[in-house]
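Colleague: Build me a model from this:
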Amino acid sequence: MHTVLDLPGGTFLGAGVNTIVLFFEKGVPTRKIWYYQLNLDRNLGKTNPLNENDLAEFVELQKTKADSANSWTVKIADINEETFDLSVKNPNAKKEAPLREPKEILDEMKNLDKESADILKSIKGLI
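Modeller: Okay, here's the model as predicted:
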C-alpha cells in the first residue's frame, strides 16, 4: 500500500459516509504511506457529483507524493503494530477553538448588551 485517499461523504450515491480509497502496488513492500484528504467547498450528491477538477490537486501531488495542507506521509514504522490504525488524521488541519462554557458565553452576551445600550444612549443624546 502506498496511498490513502480520503473522499468526502456523498461521493457515492446513498453512502452518506466518507469514502477511503487504498492504493497498492503488487510486489512492493509498504515503507511509507502517503495520505491525501480531499476537502471540497461544496456538498456532493446526485446533482453535484465528484468531477475531474476536484481531483486535479490529488493527481498532481501523487506523482511525487508531496506534502501539502491536504497531504502528508507516515512511515510504516510509525504505525501502531497492535492496531495498524490507518485512520485519516491530517496533522496539517487547523485546530478548532475549544468550546466555551455556557456561563462564559452568557457573561459575554451580557457585557455586549450593556455596551450596545451605552452606545444607543449616546446616540440618543446626540439627537
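
Colleague: Please count neighbours and contacts with C-alpha atoms only from this point.
Modeller: OK.

Colleague: what kind of secondary structure is residue 86 in?
Modeller: Secondary structure, DSSP: H, G, I helix; E, B strand; the rest coil: residue 86 is coil.

Colleague: show me the contacts for it.
Modeller: Each residue near residue 86 by C-alpha atoms under 8 Å, 6 or more residues apart in numbering is listed here: residue 79.

Colleague: Now do the buried residues in stretch 6-13.
Modeller: Residues of stretch 6-13 classed as buried by neighbour count (16 or more other C-alpha atoms under 10 Å): 6-12.

Colleague: Keeping just the C-alphas, turn it into CSV.
Modeller: Only the C-alpha atoms of stretch 6-13 are listed here, as CSV (Å, rounded to 0.1, in the frame of the first residue of the first chain):
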residue,chain,number,x,y,z
ASP,A,6,-9.9,10.3,1.8
LEU,A,7,-13.0,11.4,-0.1
PRO,A,8,-15.9,13.3,1.5
GLY,A,9,-19.4,12.0,2.2
GLY,A,10,-21.7,11.9,-0.7
THR,A,11,-19.0,10.7,-3.2
PHE,A,12,-21.1,7.6,-3.9
LEU,A,13,-24.8,8.0,-4.0
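
Colleague: pLDDT averaged over stretch 79-92, what's the number?
Modeller: Mean pLDDT, stretch 79-92: 84.

Colleague: right, I mislabeled it, should have said stretch 27-34
Modeller: Across stretch 27-34, pLDDT averages out at 93.

Colleague: Also stretch 42-61?
Modeller: The model assigns stretch 42-61 a mean pLDDT of 87.
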